[in-house]
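Enquirer: let's see this in three dimensions:
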Amino acid sequence: MDQKNRINRLVITALFCGIILLLNFTPIGYIQLPLIKATIIHVPVIIGAILLGPKIGAGLGFVFGLTSLYNNTFAPTLLSFAFSPFIPVPGTGHGSWEAVLIAFVPRILVGVVPYYFYRFLKRALKGKYKVLSLSLGGLIGSLTNTVLVMNLIYFLFRDAYGKVKNIPVSTVYHAVLAVIVTNGVPEAIVAAVLTAAVCRPLMKFASAAERRP
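Expert: Next comes the predicted model:
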């Protein structure tokens, strides 16, 4: 990779980081729901992963994780104990380091999974139906976030989750599935549309720029 391409990738990476931070500090980044914060911040992470590769995608995912940690620490909700080790877990007087896993691991994978899924579809479809491949990449990237976050909450904090929702522990996974369906599916559809809408023109622009002398 020549120096010009490196500089271009660095500039684009900085731009995506800026978009993530901008979304974080505006109401559209995290939409407050009764129990959890719905998000579209994962969308620039997905787009960045597909355009720039899994390493940069993972870095963007880490920035996404930082915004989650920041928001849940300084603007806590009922479920913030699952995303910030500085928020006490219900029934205890202290936070849990396991919250860091939920804040960062799914978000980093959001910057990795869509890239490989898009590449797989591109090969399987022999380069055809690019819009479909991009849309499904965005869909899978978004579901990676929701499914991993909610399942990690179940495995690591199901007792506390049941306490804050005032439901028996035996029904916690039903509540988790309800969040995946009611929050995760709409988020995934939005991510699918935005990923295809943004990636396709950017790919054309990048291709045209590479052909220029």
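
Enquirer: need the three-state assignment for I20.
Expert: Of the three states, I20 takes helix according to DSSP: H, G, I helix; E, B strand; the rest coil.

Enquirer: what segments of this protein are helices?
Expert: Secondary structure of the chain by DSSP state H: the helices cover 3-24, 42-52, 54-74, 98-110, 113-124, 130-165, 172-179, 185-211.

Enquirer: relative to P90, which of these is closest?
Expert: Evaluated over the helices of the chain, closeness to P90 peaks at helix 130-165, with 4.6 Å, by Cβ to Cβ. For every residue, glycine as well, the C-beta is placed using N, CA and C.

Enquirer: and the angle from the closest one to helix 54-74?
Expert: Calculated by axes from the mean of the first three to the mean of the last three Cα atoms, to 10 degrees, helix 130-165 forms an angle of 30 degrees with helix 54-74.

Enquirer: just the mean pLDDT for helix 130-165, thanks.
Expert: Across helix 130-165, the average pLDDT comes to 95.

Enquirer: and what of stretch 85-92?
Expert: Confidence over stretch 85-92 (mean pLDDT, whole number) is 94.

Enquirer: now F83. Nearest residue, chain neighbours left out?
Expert: With Cβ to Cβ, 6 or more residues apart in numbering as the criterion, F83 has its nearest non-adjacent residue at 3.9 Å, and that residue is N72.

Enquirer: cool, T67 as well?
Expert: Nearest residue to T67, sequence neighbours excluded (Cβ to Cβ, 6+ apart): N24, at 4.1 Å.

Enquirer: so that neighbour makes contact with F74?
Expert: No - N24 lies out of contact with F74 (Cβ atoms under 8 Å); the separation is 11.3 Å.

Enquirer: and the two? which has more neighbours close in?
Expert: In this view N24 and F74 are compared by other Cβ atoms under 10 Å, and N24 has more residues nearby, 18 against 10.

Enquirer: dump the residue contacts of T92.
Expert: For T92, the set of contacting residues under the criterion of Cβ atoms under 8 Å, 6 or more residues apart in numbering is empty.

Enquirer: before we move on, the earlier item: now the residue nearest to F83: how far from G95?
Expert: Using Cβ to Cβ, to the nearest Å, N72 is found at 10 Å from G95.

Enquirer: quick one: common contacting residues for the two?
Expert: Overlap between the neighbourhoods of N72 and G95 consists of S84, I87, taking contacts as Cβ under 8 Å, 6+ apart.

Enquirer: so which of those two has more stuff around it?
Expert: Residue environment comparison for N72 versus G95 gives the larger neighbour count to N72, 24 against 18, counting by other Cβ under 10 Å.

Enquirer: mind listing what the more buried one touches?
Expert: N72 makes contacts with S80, A82, F83, S84, I87, A103, as judged by Cβ under 8 Å, 6+ apart.
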